[in-house]
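> Quick one, structure for this:
(one chain, ligands or ions: 4)
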Amino acid sequence: MLRGGGDVAMIGRCEGAFEGVYIQEEHERREGVKGSAMSLTMDMSHEFEVAVTAVQAAKSVCRQVQRDLVDGHAMDKQDKSPVTVADYASQALICGVMGESFEGIAIVGEEDAEDLRKEENAGIRGMVVEQVNGMLEEGVSEADVLRWIDFGNAEPSEHERYWTLDPIDGTKGFLRKQQYAIALGQIFKGEVVMGILGCPNMDILDEDAAKPSGLLITAIRGQGACMVAMDQQVGDAVPLRVSEVSELKDARLCESVESGHSDQSTSGEIAKRLGIVKEPYRIDSQCKYAAIARGDAEVYLRLPTRKDYEEKIWDHAAGMIAVEEAGGVVTDIYGKKLDFGKGKTLSANRGIVATNGRFHNEVVKVVGEVLGL
Ligand SMILES: Nc1ncnc2c1ncn2[C@@H]1O[C@H](COP(=O)(O)O)[C@@H](O)[C@H]1OP(=O)(O)O
Ligand SMILES: [Mg+2]
Ligand SMILES: [Mg+2]
Ligand SMILES: [Mg+2]
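Ligands and ions are numbered 1, 2, ... in the order given. The predicted structure follows:
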């Protein structure tokens, strides 16, 4: 159904790295059960490939909207956070492609079409429909596009297995014409088992490239992670590994650009106590997890700025599995594993600490001391 789609799917797989895309229950994985008719192991190869294709299509729309960005492309949601034509179009495309391709599939996405249906938002609505249609072989109606967006409103408690989608993570970065991510993670029985993380403005080779290749990360639980340029012309997929830096004096800290999303003055104090001397790497969205997963930085801190904020599953699923499968460790600020079995938010956790795994406990300890936990 996607224009020119189909042949891009395989780029999400490192040659020889995955034996096929299988998901299984945690105990089966630990016991080394291989896919067989007797086990609960499920072959996800086709779903995975379609998901990669859908993320690639969403990337094309996001790139175009970000390049031509004007005031009329964005509005504020009821919680005052921004949303753009591209957030909606990206969710519509990914949910539309996945929903039309697989029966019984469920998606828990960030956006819904309620505001978009309002009379005062007819302008943005029209642009969303136009962007979505630009990617499709056959045109779809406004009603279809709105229905696709709302297809991403599944309830986690009603599904054993579902995808969680952030159609644009880091909308504030997107609006600054900086970094953002398209994040799609799969949750099975409360565990993240698969992740697809597109970072259209990162470059696979050169951090400051004028025309970045984009970075696409895929991760399968127990089978590793790999990365490839989102522009398919640039090289093959390669395995993803965290950095080998083993002393904090050589480490780089990664955190939000937005001080409202993570407490930067406290992270500065923590970095000092840990002996981290490099300037912090500030980057929007789950691109921070990408930075840890591919070794651009070693410590990602997300320190709560408000007592009542609960992290959303779509802000972490794909990024977390990328880091873990690249050899790193992800916990909350207490050193607790992230619990994706609690619905739309990580209500059993607070904040995030992600590292390359070499000094995770030490970082958690100092975070606790400085925050007085
Ligand atoms: N007070 C907050 N603390 C932590 N994260 C937040 C807060 N407010 C918004 N966010 C979320 O942070 C994400 C991007 O963070 P960053 O780029 O800084 O890492 C967004 O998905 C945004 O959610 P939302 O999309 O609901 O606005
Ligand atoms: Mg987000
Ligand atoms: Mg978002
Ligand atoms: Mg948002």
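
> And residue 256, how far from ligand 2?
Distance of residue 256 to ligand 2, given as Cβ to the ion, to the nearest Å: 11 Å. All C-beta spots, glycine's among them, are computed from the backbone N, C-alpha and C.

> show me what contacts that residue?
Residue 256 makes contact with 262, 264, 282, 284, 288, 302 under the criterion Cβ atoms under 8 Å, 6 or more residues apart in numbering.

> how close does the residue lying closest to the first one once chain neighbours are set aside get to ligand 1?
Closest residue to residue 262 in three dimensions, ignoring its sequence neighbours and counting by Cβ to Cβ, 6 or more residues apart in numbering: residue 256, at 4.2 Å. Going from residue 256 to ligand 1 by Cβ to the nearest ligand atom, to the nearest Å gives 3 Å.

> Check residue 194 too.
From residue 194 across to ligand 1, the span is 20 Å (Cβ to the nearest ligand atom).

> Tell me who's in contact with the closest residue to ligand 3 within the stretch 251-373 of the chain.
Of all residues in the stretch 251-373 of the chain, residue 314 sits closest to ligand 3, at 7.2 Å by Cβ to the ion. Contacts for residue 314 (Cβ under 8 Å, 6+ apart) come out as 108-110, 164-166, 169, 183, 185.

> hmm, 10 Å instead?
For residue 314, the contacting residues are 107-111, 152, 163-167, 169, 183-185, 286, 344, by Cβ atoms under 10 Å, 6 or more residues apart in numbering.

> For it, which non-adjacent residue is closest in space?
That would be residue 166: by Cβ to Cβ, 6+ apart, it lies 3.9 Å from residue 314.

> Can you name the residues bridging to that neighbour?
residue 183 (DSSP bridges).

> Wait, it touches residue 285, no?
Yes - here residue 166 lies in contact with residue 285, judged by Cβ atoms under 10 Å, at a distance of 8.2 Å.

> overlap in contacts of those two?
Listed as contacting both residue 166 and residue 285 by Cβ under 10 Å, 6+ apart are 180-183, 197, 315, 319.

> Can you give me the buried ones in the lengthiest helix in the chain?
Counting by DSSP state H, the longest helix found in the chain is helix 45-67. Neighbour counts over helix 45-67 (16 or more other Cβ atoms under 10 Å) mark 47-62, 64-66 as buried.

> from these, which are also near ligand 4?
Judged by Cβ under 5 Å from the ion, the overlap between these and the neighbourhood of ligand 4 is nil.

> Now for the closest residue to ligand 2 within the chain, how many residues are close by?
Shortest the chain-to-ligand 2 distance, computed as Cβ to the ion: residue-wise this is residue 169, at 3.7 Å. Neighbourhood size, residue 169 [other Cβ atoms under 10 Å]: 29.

> Show me the shaky parts of the stretch 1-150 of the chain.
Within the stretch 1-150 of the chain, the ranges that satisfy pLDDT under 70 run 5-20, 33-41.

> So for the chain, the centremost residue is which one?
Central residue of the chain (Cα atoms, centre = their mean): residue 183, 2.8 Å from the mean position.

> In contact with that residue, which residues are there?
If you count contacts by Cβ under 10 Å, 6+ apart, then residue 183 has 55, 110, 164-170, 195-199, 217, 285-287, 289-290, 314-319, 322 around it.

> Show the buried residues in the residues you listed.
Buried residues within these, counting neighbours by 16+ other Cβ under 10 Å: 55, 110, 164-170, 195-199, 217, 285-287, 289-290, 314-319, 322.

> Give me the subset of those lying in strands.
Counting by DSSP state E, the part of the buried ones among the contacts of residue 183 found in strands is 164-169, 195-199, 217.

> Could you export the residues you listed as a markdown table, including pLDDT?
Below are these laid out as a markdown table (pLDDT from 0 to 100):
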| residue | pLDDT |
| --- | --- |
| 164 | 98 |
| 165 | 99 |
| 166 | 99 |
| 167 | 98 |
| 168 | 98 |
| 169 | 98 |
| 195 | 97 |
| 196 | 96 |
| 197 | 98 |
| 198 | 97 |
| 199 | 98 |
| 217 | 96 |
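
> filter the residues you listed by proximity to ligand 3?
Near ligand 3, by the rule Cβ under 5 Å from the ion, you find 166, 168-169 out of these.

> From start to finish, how long is stretch 237-251 in a straight line?
Using Cα to Cα, to the nearest Å, the end-to-end distance of stretch 237-251 comes out at 26 Å.

> Show me what from the stretch 151-300 of the chain comes close to ligand 1.
Selection of the stretch 151-300 of the chain residues close to ligand 1 by Cβ under 6 Å from any ligand atom yields 169-170, 173, 256, 258, 260-261, 284-285.

> and those, which two are the farthest apart?
Greatest spacing in these, by Cβ to Cβ: 169 and 260 (15.5 Å).

> ok, residue 103 - how many residues close by?
Count around residue 103 with other Cβ under 10 Å applied: 6.

> Could you verify that it is part of a strand?
No - Residue 103: not assigned to a strand; according to DSSP: H, G, I helix; E, B strand; the rest coil it is coil.

> What is the neighbour count of residue 210?
6.

> How about the contacts made by it?
Taking Cβ under 10 Å, 6+ apart as the test, what residue 210 contacts is residue 203.

> any idea which element it lies in?
Using DSSP states H and E, residue 210 falls within no helix or strand.

> Contact partners for residue 198?
Shown in contact with residue 198 (Cβ under 10 Å, 6+ apart): 12, 52, 55-56, 58-59, 62, 90, 169, 180-184, 214-218, 230, 286-287, 290, 318.

> Excluding covalently adjacent residues, which one is nearest to it?
residue 182 (4.1 Å).

> From ligand 4, how far out is the residue of the stretch 151-300 of the chain found nearest ligand 3?
Residue nearest to ligand 3 within the stretch 151-300 of the chain: residue 166 (4.5 Å; Cβ to the ion). Per Cβ to the ion, residue 166 is found 8 Å from ligand 4.
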